[in-house]
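Q: sequence isn't available, so here's the structure alone:
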């Protein structure tokens, strides 16, 4: 599975959009980009995933560049409950998730 | 979405004893489950892949005699930490894919915090 790179931390004002970047320049054609988050002392939670096209669900939007070398997770209206560590993972066919260090998002009032 | 239940959520044990952690998929079947451990302020580290009806596959550096994994049914995998020592104190988390195929979303248990005295 391709390695991903994320900034270690980000701040966001409550109510504003949180844009979390991820670099996956070595991603292969059959690897999907997955986003999970982990709120303190809990198990990770699935957010969204995509292959080539941009995706949106009730939690977030995922923007994948045309060359697939990077992506951005967008939380449109961040709340204090969105404070968590966000993990971007490029997953192939093995099903195994290899977690990097993720981005700690702090949503501030 | 699919639910994965993990039990117990918290356990304290004496050094030298064994501890069993259960991971259940409540509303779906899982032929494969994954076990992770997480130390404070660190990311999740994959320990092993649990395979229903066959031996688990361990990641490099994980002692299979120390961390016994049994996947006896399509909804239950167990992790037994044998002869636990203080350095085994950690947060253990399991996951299961919600569906087969290339797009498999992983559903995670709430985790088990193990403290070895």
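A: Arrived safely, thanks for sending. Quick caveat: nothing in here was measured; it's all calculated off a predicted structure.

Q: every contact and neighbour count from this point should use C-alpha atoms.
A: Will do.

Q: which residues are in contact with residue A:81?
A: For residue A:81, the contact set (Cα atoms under 8 Å, 6 or more residues apart in numbering or on different chains) comprises residue A:107.

Q: secondary structure class for it?
A: Three-state call for residue A:81 (DSSP: H, G, I helix; E, B strand; the rest coil): helix.

Q: how far away is it from chain B?
A: Residue A:81 sits 17 Å away from chain B, going by Cα to the nearest Cα, to the nearest Å.

Q: okay, that residue: pLDDT?
A: As predicted, residue A:81 sits at a pLDDT of 96.

Q: distance check, it against residue A:103.
A: In this view, residue A:81 and residue A:103 are 15 Å apart by Cα to Cα, to the nearest Å.

Q: likewise residue B:47?
A: Residue B:47 sits 22 Å away from residue A:103, going by Cα to Cα.

Q: excluding sequence neighbours, find me the nearest residue to the residue of chain A positioned farthest from its centre.
A: Largest separation from the mean C-alpha position in chain A: residue A:109, at 22.1 Å (Cα atoms, centre = their mean). Closest residue in space to residue A:109, ignoring its immediate chain neighbours: residue A:14 at 5.2 Å, by Cα to Cα, 6 or more residues apart in numbering or on different chains.

Q: kindly report the same for residue B:76.
A: Leaving aside its chain neighbours, residue B:76 sits nearest to residue B:24 (4.6 Å; criterion: Cα to Cα, 6+ apart).

Q: so what's the residue count around the residue in chain B that chain A sits nearest to?
A: Using Cα to the nearest Cα, the single residue of chain B nearest to chain A is residue B:110, 4.5 Å away. By other Cα atoms under 10 Å in any protein chain shown, 23 other residues sit near residue B:110.
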